[in-house]
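> Okay, here's the prediction I keep looking at, along with the sequence it came from:
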Amino acid sequence: MNIRAISIYIGYLLLVEGAFMFAALGVAAIYQERASLVAFLMTIGVLLFIGLLLTRLRRGPGRVYAREGFVTVALGWVLISFFGGLPFYISGYIPNLLDAWFESVSGFTTTGASILKDVEALSQSMLYWRSFTHWLGGMGVLVFMLAVVPLSKGSGETFHLLRAESPGPSVDKLAPTLRNSAQILYAIYIVLTIIQVLLLVLGGMPFFDSLLNTFATAGTGGFAIKNASIAAYPSPYLQLVIAVFMALFGVNFTVYHLILAGQGRAALKNGEVRLYIGIMLFSTLLIALNILPQYGSFSKAALLSFFQVSSIMTTTGFATADFNLWPQFSRYLLVVLMIFGACAGSTGGGAKQVRLLILLKSLKARMQMMLRPRAVNPVRMDGKQVKEDMISGVYAFMAAYAMICIVSFLLLSFDNKSMETTLSALAACFNNIGPGLDLVGPAGNYSVFSPLSKFVLSIDMLLGRLEIFPLLLLFSPSVWRRRA
């Protein structure tokens, strides 16, 4: 295990976090928020001190392999979440350190689950930092670091880091080097962010609100800056813009690169995107028809349905209505949509639509094999044969997913909450969505849980964002053994 290399990478991560925190410090200075100003100054000082200390280490002779990549990502995300929660704790806005860590983990993993009962009681700078953690965590902190920091030269180290952090069963290169790929991803991300901010401002939303709501939309995180979430903005135009951009940020960013490269036809044939759009539109129609008697107008029901389906499928977690009050079919359909979430290579969470697609195609191939045992029925996607190791990887992921859900559910059950609260809280945190049903619905929060449950749900959020294995590997003895 190359401990020195891991330490250096984590040092750069902490420096990146400290650099981004300066903007929140500026907001605190503008609004003359003394407690927040002190909190950000202290945290930035700690981040820069530790970051500079770690980056000054000598690399040593060892190379970085897959295990170093996974350990760097897992430890890095735990640490940036801890330090990201310090401003909430030091300022006194969240006086419990575990709660502050929960809120920060929820931010960076783009979950949007909150222990805050009154979001609007936060200072402007705390609201800014809370929402910005979504934006930074959405595309990935390491992806940003790889885009701006020249860490290695052709040794494969950047691939191991990118593979460990990127959502989905595989990592696509958009350019000859992974650093250029990271730069392309962030360029698309920034452009989409700017466009949404402009559209919201044109619709009459204040600039500060537009910026923070866009941070949460782009990262598909859903931290609201109003207690009523997006329902605080009754304009159908504003709600539709946010709903559409939630859906756009849930698309694999490789598709946008194909469109920009003049390969629009190939982008339209992407099987995962077609499945994603198909499920979203069909679910929108079903829920709209189901809630129609409750609202009387199909247009209103359709807008509410589309917004909530887009929010849940992309694992954003914004709300324009309390769907706890919707019919059971609509509520449970939203819970089902939580599981597979958005596309791989997007900022969305969940198990990913590509895994659902591979499972469906693999099931079809298995059934054909049972009818014709000698026939060769390879699983194909987008005209290419899916490799067996990817299929077995999907099976392993879903098996680990199921086991973690069972263990987490049993641990959460010690709180004696209702089945709806417990299961939906688990699904909402593990799939990085935020709101669930019953006590953790759009009108509720996660303060109702015990410290043990908050810790379990925080770990689930990290497991969901990092797609399970990087965090699990931290506890594998073989990972920490020296190479022969």
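Arrived safely.
> contacts, neighbours, all on C-alpha from now
Will do.
> Residue 450 contacts residue 415, doesn't it?
Yes. Taking contacts as C-alpha atoms under 8 Å, residue 450 lies within contact range of residue 415: 6.7 Å.
> Could you look up the SS state of the residue positioned nearest the centre of the chain?
The centre of the chain sits closest to residue 110, judged by C-alpha atoms, centre = their mean, with a distance of 3.9 Å. Using DSSP: H, G, I helix; E, B strand; the rest coil, the secondary structure recorded for residue 110 is coil.
> Next, work out how far apart it and residue 224 are.
Going from residue 110 to residue 224 by C-alpha to C-alpha, to the nearest Å gives 12 Å.
> correct me, but residue 319 touches residue 312?
No. Shown here, residue 319 and residue 312 do not form a contact pair, counting by C-alpha under 8 Å, at 9.2 Å.
> hmm, which helix or strand of this structure has the shakiest average pLDDT?
helix 157-165 (a mean of 60; mean pLDDT, DSSP states H and E).
> Can you list the buried residues in the helix or strand just after that helix?
For helix 157-165, the following helix or strand on the C-terminal side (DSSP states H and E) is helix 178-202. Within helix 178-202, the residues scored as buried using 16 or more other C-alpha atoms under 10 Å are 178-186, 189, 192-193, 196-197, 199-201.
> again with stretch 36-50
So for stretch 36-50, counting by 16+ other C-alpha under 10 Å, buried means 36, 37, 38, 39, 40, 41, 43, 44, 46, 47, 48, 50.
> Only alpha carbons, please: show the helix or strand hosting the fourth one as CSV.
With elements taken from DSSP H and E, the one containing residue 39 is helix 34-55. Once side chains and other backbone atoms are set aside, the C-alpha atoms of helix 34-55 remain, and they are given as CSV (Å, rounded to 0.1, in the frame of the first residue of the first chain):
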residue,chain,number,x,y,z
ARG,A,34,-19.5,37.3,12.4
ALA,A,35,-20.1,33.7,13.6
SER,A,36,-20.0,32.3,10.1
LEU,A,37,-16.9,34.4,9.2
VAL,A,38,-15.0,32.9,12.2
ALA,A,39,-16.2,29.4,11.4
PHE,A,40,-15.1,29.5,7.8
LEU,A,41,-11.8,31.2,8.7
MET,A,42,-11.0,28.5,11.3
THR,A,43,-11.9,25.7,8.9
ILE,A,44,-10.0,27.1,6.0
GLY,A,45,-7.0,27.5,8.2
VAL,A,46,-7.1,23.8,9.3
LEU,A,47,-7.7,22.6,5.7
LEU,A,48,-4.8,24.6,4.3
PHE,A,49,-2.4,23.6,7.1
ILE,A,50,-3.2,19.8,6.8
GLY,A,51,-3.4,20.0,3.0
LEU,A,52,0.0,21.7,2.6
LEU,A,53,1.6,19.4,5.1
LEU,A,54,0.4,16.3,3.2
THR,A,55,1.3,17.6,-0.3
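> Make sure residue 369 is indeed in a strand.
No. Under three-state DSSP, residue 369 falls outside any strand and is assigned helix.
> neighbours around residue 475, how many?
11 (other C-alpha atoms under 10 Å).
> Check the gap between it and residue 321 for me.
41 Å.
> what's the answer for residue 450, then?
Residue 450 is 27 Å from residue 321, by C-alpha to C-alpha.
> Those two: which has the busier surroundings?
A count of neighbours by other C-alpha under 10 Å puts residue 321 above the other of residue 450 and residue 321, at 18 against 13.
> residues contacting the closest residue to the more buried one other than its chain neighbours?
Excluding its sequence neighbours, the residue lying closest to residue 321 (C-alpha to C-alpha, 6 or more residues apart in numbering) is residue 231, at 6.6 Å. Counting by C-alpha atoms under 8 Å, 6 or more residues apart in numbering, residue 231 touches 319, 320, 321.
> what do you get for residue 319?
Shown in contact with residue 319 (C-alpha under 8 Å, 6+ apart): 228, 229, 230, 231, 307, 308, 311, 442.
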